[in-house]
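1. Return atomic coordinates for the entry below.
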Amino acid sequence: MAREPAPKSLSDRLRQTRRSASMAPQDRATRRKTRAAGRREAILAAALEEFSARGFSATRLDDVAKRASIAKGTIYIYFRDKESLFHELIRAMLTPLVGTVERMGAADLPIRELGARFVDLFVREVFETRRKDVIRLMISEGPRFPKLAEFYYREVLSKLLSAMRAVLERAAARGEVSAQVAAFPQIVAAPGLVAVVWSGLFDRYEPLDARALMTAQLDLLLASGRTA
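-> Next up is the predicted model:
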C-alpha cells in the first residue's frame, strides 16, 4: 500500500506563504488571466459540442457546465445567458476568418488567383474544421431563432458578402466575370454551403470533394466573363 505523503511542516508552509507573498502583482495578474482564458475556452468548446449535438433550444447551460467540468455558476462570470454564449461562439469561431477574407478581398489580384485562394481558405479553415458545425447550426436553428440569424448575418454573412461583392465588381470591370455574376456574391458562397450540408447528411453514401466542387464553380464563373 502506498504511504500517504507526510503533512507539510510549519516551516514548509511558511516558506510557501512567503513565496506566494513575494510573487510580483503582475505575475499573479497574468496567472489569473491565463486561468480565466483557459476556462472561457473550455466553456466555448463545451458549448460547441452541446449545441451541435442538441441544437440551440434543447441545450442547457447545466450540460455545458458538466461537459466543461465547471460549476454552472461559472458560466455566468463570462456569459450573460445561453444566447450570449451562442453569440460569442460565432465570434470566436468565425470573426478571425471574416477578417482574413476581407484582407484577401482587398488585394487587387486576378479573380482566378483570388478564387483559388478563397477555395483553399474555405476548405482548410472551414470544411476541414469544426467551423462547419457552426454553419450547420445556423442553417438548422436560424429559421426558429430569428435573433440568432440576425446576429449571424450582421457579424459574419454581411461582411463576407461585401468583400465578395467588391471582388466580383472589380473582376466584372476587367471582363473576368459577367455583370450578372457580380450582382450576386451569394453565387460564390453557394458551393461551400452545399458541401457543408452534404457532408452532414449524405457523405456516408456519396462523399463530396468540396475543393473540386468549388473549383468547378470558379471555372463556371470565369467562363461567364468570356461569353458576356
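
2. Just the pLDDT for Asp108.
-> If you check Asp108, the pLDDT there is 88.

3. what are the ranges of the helices in the chain?
-> Ranges of helices within the chain are 10-22, 25-58, 61-68, 72-78, 82-106, 111-122, 131-141, 146-152, 158-173, 179-182, 186-201, 210-227, based on DSSP state H.

4. Check what contacts the fourth one and list those residues.
-> Right, the one you point to is helix 72-78. Helix 72-78 has contacts (CB atoms under 8 Å, 6 or more residues apart in numbering) with Ala36, Arg39, Arg40, Ile43, Leu61, Asp62, Val64, Ala65, Ala68, Leu85. Yep, even glycine has a C-beta here, placed from its N, CA and C like the rest.

5. And the pLDDT at the most centrally placed residue in the chain?
-> With distances taken as CA atoms, centre = their mean, Met93 lies nearest the centre of the chain, 2.1 Å away. If you check Met93, the pLDDT there is 94.

6. Next: Arg15.
-> At Arg15 the predicted local distance difference test score is 64.

7. Could you do Ser224 as well?
-> Here, the pLDDT recorded for Ser224 equals 71.

8. For it, give its distance to Glu155.
-> Distance, Ser224 to Glu155, using CB to CB, to the nearest Å: 31 Å.

9. what's around the nearest residue to Phe118 once chain neighbours are set aside, how many residues?
-> For Phe118, the nearest residue in space outside its immediate sequence neighbours is Met104; the separation is 6.8 Å by CB to CB, 6 or more residues apart in numbering. The number of residues packed around Met104, counting by other CB atoms under 10 Å, is 15.

10. Got the domain ranges for this structure?
-> When the chain is parsed into structural domains using automatic domain parsing, the resulting residue ranges are 29-79, 90-228.

11. so Ser57 makes contact with Leu148?
-> No. Between Ser57 and Leu148 no contact is recorded; they are 10.6 Å apart, counting by CB atoms under 8 Å.

12. Tell me which of the two has more neighbours.
-> Remark: of Ser57 and Leu148, Leu148 carries more neighbours, 19 against 11, as counted by other CB under 10 Å.

13. who's in contact with that one?
-> Applying CB under 8 Å, 6+ apart, the residues contacting Leu148 are Phe56, Glu83, Phe86, His87, Met138, Glu141, Gly142.
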